[in-house]
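In: take this sequence and fold it.
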Amino acid sequence: MRLGIISRRNPGTTQSGATAESSGPSVGFIAALVIMLIGVIFTAWYNARGPDTIDRMIGTPPVTIGHVSTDLDNQDIALREPVTDPAGRRALLGAHRPPDEWQALLTRHEAAAVGRITLTVVLTGNRSSLRIVEIKPRIKVREKLSDGAFLAVSREGVAETVAVKADLDEPAPRFVTADNPRVRYFSAKQIDLKEDERVTLEMSITAKKAYYEFDLVATVLAGEQSEQIVITAPGGSPFRVTGEARTYRSFYTASQQGAWAPMPRGQVCQEFPKAGSC
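Out: Have a look, this model is predicted:
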């Protein structure tokens, strides 16, 4: 009996039984080659653009504003309008007021430092190297002097220790030093920072003729690109400072309990002879 043998051809073999060789490179090899080429191109582009490329692409600012504060605790304060509403008077005269009520009162009545305001700003570098080439005040509002209420912290006077200052009454306010008020501070001294380096700036801004709302604009040079960073008070509010008025519609002085009390008439007339009934 003869057995029939049925031949089965392997798709991967030739008729002679030899395994067929691929006619071209494998898919894996091509993928690896493409990845390698992309890596080479990216590396060349990255090196050409510099190590700060990714930060610029994702919109990271050249500097981070780490801290901003104003020294209002040791500063006379003027309000735009007298405090007449019950909630406001409770926040003003109460010895155990919550901090948020006091802050709401200051915001609602546009509280401003009288005569000068001292700002402390901490900036942190976000680039391998950068230079702060300028910081200047930018006036947003200029109005008549605040005369709603005067809150006297201390009438003895506080010595000015901040060397860098700007006068908002000038046509083009700029920071200068006490030693050389005719030369722009940042024209002679610029600030270089590396990544994660910090600088703390203390600046005094003065005013006599008007009430001002302002912010600070820092010009930062990183590589070949120049960017402007806006510095505001905490919460995004403007900084506020006003010149001292000849008189006010109400007067208060700090009490020992941490609240405010109406200023005695004798003290009012001594310090503000133009006040009513003096």
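
In: low-scoring stretches of the stretch 151-278 of the chain, by residue?
Out: 154-162 (pLDDT under 70).

In: so where do the helices sit in it?
Out: 185-188, 265-271 (DSSP state H, counting those that start in this stretch).

In: adding distance to Ile35 and mean neighbour count, write those out as TSV.
Out: (C-beta placed from N, C-alpha, C; glycine too.) Listed next are those as TSV, based on distance: least, CB to CB, whole Å; neighbours: other CB atoms under 10 Å:
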stretch	distance to Ile35	mean neighbour count
helix 185-188	48	16
helix 265-271	77	14
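
In: leaving out sequence neighbours, find the closest residue to the most centrally placed residue in the chain.
Out: For the chain, Ile231 is the residue whose C-alpha lies nearest the centre (CA atoms, centre = their mean; 3.2 Å). Counting by CB to CB, 6 or more residues apart in numbering, Ile231 lies nearest to Leu216, which is 4.0 Å off, once chain neighbours are set aside.

In: same check, this time on Arg97
Out: In space, Arg97 is closest to Ala91, 5.0 Å off (CB to CB, 6+ apart).

In: how many residues are close by the one you found?
Out: Neighbours of Ala91 under the rule other CB atoms under 10 Å: 23.

In: is it possible to get TSV of the helices of the stretch 151-278 of the chain that adds distance to Ala163?
Out: As requested, the helices of the stretch 151-278 of the chain are exported to TSV (distance: least, CB to CB, whole Å):
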stretch	distance to Ala163
helix 185-188	9
helix 265-271	29
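
In: who wins for proximity to Val199 among the ones you listed?
Out: Closest of those to Val199 is helix 185-188, at 12.7 Å (criterion: CB to CB).

In: which strands or helices does that closest one pack on?
Out: strand 130-143 (3 or more CB pairs under 8 Å, 6 or more residues apart in numbering; DSSP states H and E).

In: thought Arg127 was touching Gly223, still the case?
Out: Yes - contact criterion CB atoms under 8 Å: Gly223 and Arg127 qualify, at 7.5 Å.

In: higher neighbour count, the two?
Out: Arg127 (23 against 16).

In: so which bits of the helix or strand where the residue nearest to Arg97 lies are buried?
Out: Using DSSP states H and E, Ala91 sits within helix 86-93. Within helix 86-93, the residues that count as buried by 16 or more other CB atoms under 10 Å are 88, 91-93.

In: any chance of those residues in CSV, plus distance to Ser255?
Out: As requested, these are exported to CSV (distance: CB to CB, whole Å):
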residue, distance to Ser255
Gly88, 17
Ala91, 14
Leu92, 11
Leu93, 9
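
In: can you name the two of these that sit furthest apart?
Out: Farthest pair in the buried residues of helix 86-93, by CB to CB: Gly88 and Leu93, 9.4 Å.

In: mean confidence (pLDDT) on stretch 83-91, please.
Out: For stretch 83-91, mean pLDDT rounds to 90.

In: make residue 1 into 35 and carry on from there
Out: Taking 35 as the first residue, the last one we looked at is stretch 117-125.

In: touching that stretch from outside, list them.
Out: For stretch 117-125, the surrounding residues in contact (CB atoms under 8 Å, 6 or more residues apart in numbering) are 126, 131, 135-136, 138-139, 142-143, 182-183, 284.

In: mind doing that once more with 7 Å?
Out: Contact with stretch 117-125 is made by 126, 131, 135-136, 139, 143, 183, as judged by CB atoms under 7 Å, 6 or more residues apart in numbering.
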